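Need the 3D shape of this:
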Amino acid sequence: MMQPTPLPAAPGQESVWDYPRPPRLEVVDARVTITLDGQVIASTRDVMRVLETSHPPVYYVPIEEFVPGTVVPTGGSSFCEFKGSARYYDLLSGPTRAARAAWEYPSPAPGYEPLAGRVAVYAGLVDACTVDGERVEPQPGGFYGGWITSNVVGPFKGGPGSMGW
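From the prediction side, this is the model:
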């Protein structure tokens with residue numbers, strides 16, 4: 001399958017096609033917030049992101065930065081060839097339960113150890129996720145958890161026809 005043509009990055013933007021494979025971890029100097037049922041359930045500047053070719057960044061925040069009782073273990077797992085085995089969480093706020101809206105790598109593979117104790121969230125399953133006040137768009141497709149902001153350009157893996165990228 002042919003790879004798509006990367007969109008041109010304007011000054012101050014990043015092309016996801018310049019991200020590496022295997023993915024790179026990066027500390028982020030930004031405030032991330034996660035809102036569910038109209039309530040901010042996490043707000044922190046202790047942020048890491050994972051950058052991988054063709055994917056918008058996936059943001060990880062320490063699980064202890066979530067309001068107590070909002071992150072609840074749930075069933076299921078998945079495996080990333082780079083980061084290892086993931087486990088999933090439901091997010092709770094008021095009467096709202098966002099099923100399998102978050103995940104973590106409890107014992108990350110070598111090179112990804114800094115992700116231990118950090119949780120990523122599917123932006124499309126909560127009210128809103130923001131990076132420095134900018135509301136993110138979820139990565140297309142529902143499987144990957146990248147967050148699209150105005151400083152990244154694609155096209156992004158996850159939508160129809162992108163399986164072989």
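
For residue 12, what is the enclosing helix or strand?
Under the criterion of DSSP states H and E, residue 12 resides outside all helices and strands.

what about it, how many neighbours?
Neighbourhood size, residue 12 [other CB atoms under 10 Å]: 7. (C-beta placed from N, C-alpha, C; glycine too.)

Distance of it relative to residue 153?
11 Å (CB to CB, to the nearest Å).

likewise residue 11?
Going from residue 11 to residue 153 by CB to CB gives 12 Å.

And residue 84, by the same measure?
Distance of residue 84 to residue 153, computed by CB to CB: 29 Å.

Phi first, then psi, for the residue nearest to residue 107 when sequence neighbours are not counted.
Closest residue in space to residue 107, ignoring its immediate chain neighbours: residue 84 at 6.4 Å, by CB to CB, 6 or more residues apart in numbering. Per-residue torsions, residue 84: phi 100, psi -150 (degrees, to the nearest 10).

I figured residue 94 hits residue 35, correct?
No: with contact defined as CB atoms under 8 Å, residue 94 does not count as touching residue 35 (11.6 Å).
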